[in-house]
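Peer 1: Give me the fold of what follows.
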Amino acid sequence: MRAKATAGFRLTALALALFLFRGGAAIGQPVDSTAAERPNLILITVDTLRADHLSTIDPQSPVATPAIDAIGKDGVLFTRTLTTTPLTTPAHASLMTGVLPPTHGARDFVDGLPKGPATLAETLERAGYRTAGFVSAAVCDRRTGLARGFSHFSDGFDQFLDEDSRVSERPGKETLDHAVGWLDSLPQGPFFVWLHFYEPHDPYEPPEPYRSRFREDPYAGEVAAIDGLVAELVLYLKNKNLYDSSVISLLSDHGEGLGDHGETKHGFFVYQSTMHIPWLLKATKGDFAGRRVADNASIVDVFPTLLHVLGISRDFWPRGLHGVSRYRAMRGQTDRSRPVYFESVSPFNQFGWSELRGLVLGDYKLIEAPQPELYNLVRDPGETSNQFSSNRAMGQQLRQTLIDLESRLEPVEAPDRAIDPELQERLRSLGYVGVSSPVRPAGASADLADPKEKVEVYELVQQGVEAARQRRWTEAIRLLSGAAEKEPASPAILTSLALAYRDSGQLAASLDWFRKTLDLRPEDTALRLEFSKVLLALKRTEEAGAELERVVSDDPNLVKALFNLGILRAQQSRYKEASSLFGRALALREDSATLRSLALSEFLEGRSEEAEKHLLRALELDPADRRAHLQLAQIYSARGEVELARRHDELARRP
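Peer 2: The predicted structure follows:
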């Protein structure tokens, strides 16, 4: 029996080659049509939604999800879909490109999507669609690269907010309202809308009435709240006669540990609690209503499947897709021969432990680690019994399949640096643990610690970071110090401890921990930028200036470093240098804070006309910018233009 099972799941080199290099080709030709006749597409991603918390997938779900279930009943439910990685930005990068992480390049939470693989939005825009994205958290904002191809992109976050007014997420209801407003303004013709809801990501704080109904299970309460928003969206679409004429696809980027295998959140392990995701797809005209597809699928399959269902001509399909259309499976033709790849590189990048990689083939799942794991997902869905030793033939077969698959992946050129430090600060405010410049993994190694052996330390860090987020500084420092004692060479732990000391006002201790971290990562420019902030707070301006000069020299495109160095030079009355630095920052990214700073430097130089121009531009970006109004009032007052000065002074003082 074992020999037959092994043969039944054997994947030929030809099948692997087809999987990796068919360019996402679907089975059968899509139906060509004019752009005006194509259906609309509404893509909904629900962050951190476990598949077993949808009642249509698991009848034992602790929460009913009637609105989401109804979409599944009107279309196809893919019951065995896996994400590529248990982190939001990399998983969305796989969704939006149809490409696996080693090739698209976004592999950790600090990675943005490099320019390279064509996105779904770019593809549909070329095919004649109007495109708009509406996201609910900084993990998907435009600086991650996920906005590529969207002619309208609403992320709700000022791109350069002051330290005391930084916003990292917004409620799903607000995101939905922005999307509805855009839809209300559209003329006839096909559109592609992406809605990203951040709930049920932690912290779990559902709104009423869900808070009261799910007081003992707030995660389920946030799932219920999202189902309510989906119901609101569907009602709007039906009232506008858009529901039947639109393709609607809803899925998650990853799940949540909720204590399974010792992991409370996500981003570390690759067990089904965080890797198994729901995927629902409603076509038009009632096609495929009520279908359930039990084949293994990947988040990278969504891209080509949507192109196929929309009837997009092959002429518009990007080359090099790793995903394949599941259209044939939607029509009832099964395919169990294709491997589904996944990974988690954060244990290596952030802690120096072994990364995790693996695949699912048929009913079996391999997790490649120093202590490899093999599970039969049908007989053991909770992954409680590791069969790698007892079923070595199957384990070795899947291991060889993984080696063959990875050998055919063509990595893109690594980006010059990770996403910018300000966005990293926002991610930390959302609870993400890590350093800014990851080291690329070279494959699981027996010489590195197995993450399974380090889960208690990892959870200790998570608790410490959560305590810091809630400003419980004594507890945060105690927890993080305990983790640092266990792992003194972990950049993520040392960085988290340095930041906790800094943010609690213990600057001297923070400086010591930053130095220890920089001993491990001397080339980490974003870490040096954080280090320079401590030096500035300690009024060690010469040292801070030297650090900032080094950062700007090493990374001339680091906007925050240019801005901070400009502020320092202005404080030193070196206005010409300051203006030059602010100008360089604006050439990379225009925002109100930098425009105001440049204007102040110009005004102090005696160039009030240039200062006025830049402040008026700041008000074009944000008409309610009080500081810009106040600076203009000062300029007009100095010129003797009393009426203009009075007007802007009033605007600056409006509540």
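
Peer 1: in the chain, what secondary structure element scores lowest on mean pLDDT?
Peer 2: Least confident helix or strand, the chain: helix 2-8 with a mean of 39, by mean pLDDT, DSSP states H and E.

Peer 1: Quick check: the gap between the nearest residue to Glu612 once chain neighbours are set aside and Arg626.
Peer 2: The spatially closest residue to Glu612, leaving aside those adjacent along the chain, is Ile635, at 5.7 Å (Cβ to Cβ, 6 or more residues apart in numbering). All C-beta atoms are positioned from the backbone trio N, CA, C, and that covers glycine. According to Cβ to Cβ, to the nearest Å, Ile635 and Arg626 sit 15 Å apart.

Peer 1: Please apply the same query to Asp512.
Peer 2: As judged by Cβ to Cβ, Asp512 and Arg626 stand 38 Å apart.

Peer 1: what do you get for Leu100?
Peer 2: Taking Cβ to Cβ as the measure, Leu100 falls 47 Å from Arg626.

Peer 1: do Ser553 as well
Peer 2: 35 Å.

Peer 1: quick one, what contacts Glu263?
Peer 2: Glu263 sits next to Gly257, Phe269, Tyr271, Ser273, Thr274, Val455, Tyr458, Glu459 when contact means Cβ atoms under 8 Å, 6 or more residues apart in numbering.

Peer 1: Okay, now the unreliable bits of this structure?
Peer 2: Counting by pLDDT under 70, the chain contains low-confidence ranges at 1-36, 156-167, 412-446.

Peer 1: where exactly do the strands run in it?
Peer 2: If you assign secondary structure with DSSP state E, the strands in the chain sit at 40-46, 76-82, 130-134, 152-154, 191-197, 246-252, 276-282, 291-298, 340-344, 356-361, 364-368, 373-376.

Peer 1: By residue count, what's the longest helix in this protein?
Peer 2: Looking only at the chain and at elements set by DSSP state H, the helix with the highest residue count is helix 218-239.

Peer 1: tell me the contacts of Ser510?
Peer 2: Residues touching Ser510, when contacts are defined by Cβ under 8 Å, 6+ apart, comprise Ala498, Leu499, Tyr501, Arg502, Val534.

Peer 1: looking at it, the fourth one is touching Ser532, isn't it?
Peer 2: Right, Arg502. No - no contact is recorded between Arg502 and Ser532 when judged using Cβ atoms under 8 Å, the distance being 11.5 Å.

Peer 1: Among the two, which residue is more densely surrounded?
Peer 2: Ser532 (25 against 20; other Cβ atoms under 10 Å).

Peer 1: Run through the residues that contact that one.
Peer 2: Taking Cβ under 8 Å, 6+ apart as the test, what Ser532 contacts is Ala544, Glu547, Leu548, Val551, Ala561, Asn564.

Peer 1: Return the residues in contact with the residue nearest to the spatial centre of the chain.
Peer 2: To find the centre residue of the chain, average its C-alpha atoms and take the closest one (Cα atoms, centre = their mean): that gives Thr89, at 2.1 Å. Contacts for Thr89 (Cβ under 8 Å, 6+ apart) come out as Ala106, Phe109, Asp111, Gly112, Leu113, Val139, Cys140, Thr144, Leu146.

Peer 1: Do a quick rundown of the helices in the stretch 501-650 of the chain.
Peer 2: Applying DSSP state H, counting those that start in this stretch to the stretch 501-650 of the chain gives helices spanning 507-520, 525-537, 541-554, 559-571, 575-588, 592-605, 608-621, 626-639, 642-653.

Peer 1: Export only the CA atoms of the second one, formatted as PDB.
Peer 2: Meaning helix 525-537. Output for helix 525-537, consisting of C-alpha atoms alone and laid out as PDB, is shown next (Å, rounded to 0.1, in the frame of the first residue of the first chain):
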ATOM      1  CA  THR A 525      21.200  51.900   8.000                       C
ATOM      2  CA  ALA A 526      17.700  52.000   9.400                       C
ATOM      3  CA  LEU A 527      19.100  50.800  12.700                       C
ATOM      4  CA  ARG A 528      21.700  53.600  12.700                       C
ATOM      5  CA  LEU A 529      18.900  56.000  12.000                       C
ATOM      6  CA  GLU A 530      17.100  54.900  15.200                       C
ATOM      7  CA  PHE A 531      20.400  55.100  17.000                       C
ATOM      8  CA  SER A 532      20.800  58.700  15.900                       C
ATOM      9  CA  LYS A 533      17.500  59.600  17.300                       C
ATOM     10  CA  VAL A 534      18.700  58.600  20.800                       C
ATOM     11  CA  LEU A 535      21.900  60.600  20.300                       C
ATOM     12  CA  LEU A 536      19.800  63.700  19.400                       C
ATOM     13  CA  ALA A 537      17.500  63.200  22.400                       C
END
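
Peer 1: rewinding a little: more neighbours: Leu100 and Arg626, which one.
Peer 2: Neighbour comparison, Leu100 and Arg626: the larger count goes to Leu100, with 26 against 13 (by other Cβ under 10 Å).

Peer 1: phi, psi of the nearest residue to the more buried one once chain neighbours are set aside?
Peer 2: Once its chain neighbours are removed from consideration, Leu100 has its nearest residue in His322; the separation is 4.8 Å (Cβ to Cβ, 6+ apart). Geometry field for His322 lists phi and psi as phi -90, psi -30, criterion degrees, to the nearest 10.

Peer 1: Distance check, His322 against Pro370.
Peer 2: In this structure, His322 lies at 27 Å from Pro370, with Cβ to Cβ as the measure.

Peer 1: Neighbour count: those two, which is higher?
Peer 2: The residue with more neighbours, out of His322 and Pro370 and counting by other Cβ under 10 Å, is His322; that gives 30 against 17.

Peer 1: follow-up on the earlier one: kindly reformat the contacts of Thr89 as a markdown table containing neighbour count and distance to Leu405.
Peer 2: Putting those into a markdown table (neighbours: other Cβ atoms under 10 Å; distance: Cβ to Cβ, whole Å) gives the following:
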| residue | neighbour count | distance to Leu405 |
| --- | --- | --- |
| Ala106 | 30 | 19 |
| Phe109 | 27 | 24 |
| Asp111 | 25 | 21 |
| Gly112 | 21 | 25 |
| Leu113 | 26 | 22 |
| Val139 | 28 | 27 |
| Cys140 | 27 | 28 |
| Thr144 | 25 | 26 |
| Leu146 | 29 | 25 |
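
Peer 1: Let me see the contact set for Leu176.
Peer 2: Leu176 is in contact with Phe134, Leu195, Leu229, Glu232, Leu233, counting by Cβ under 8 Å, 6+ apart.

Peer 1: what's the answer for Pro488, then?
Peer 2: Pro488 makes contact with Leu494, according to Cβ under 8 Å, 6+ apart.

Peer 1: ok, it to Arg291 distance?
Peer 2: Where Arg291 is concerned, Pro488 sits at a distance of 54 Å (Cβ to Cβ).

Peer 1: related to what we said a few turns ago, was I right to think the residue nearest to Leu100 contacts Pro102?
Peer 2: No - if you go by Cβ under 8 Å, His322 and Pro102 don't touch, sitting 9.8 Å apart.

Peer 1: what's the offset of stretch 601-610 from the middle of its chain?
Peer 2: Put simply, stretch 601-610 sits 41 Å off its chain's centre (Cα atoms, centre = their mean, to the nearest Å).

Peer 1: What's the end-to-end length of it?
Peer 2: Stretch 601-610 stretches 10 Å from its first residue to its last (Cα to Cα, to the nearest Å).

Peer 1: Now do that stretch: everything it contacts.
Peer 2: Taking Cβ under 8 Å, 6+ apart as the criterion, the residues outside stretch 601-610 that touch it are 566, 570, 573, 575-576, 578-579, 582, 599, 611, 614, 631, 634-635, 638-639.

Peer 1: Please apply the same query to stretch 218-234.
Peer 2: The list of residues contacting stretch 218-234 from outside it, by Cβ under 8 Å, 6+ apart, reads 42, 44, 46, 49, 53-54, 62-68, 70-71, 172-173, 176, 179-180, 195, 197, 199-202, 204-207, 210-211, 213-215, 243, 250, 256, 258.
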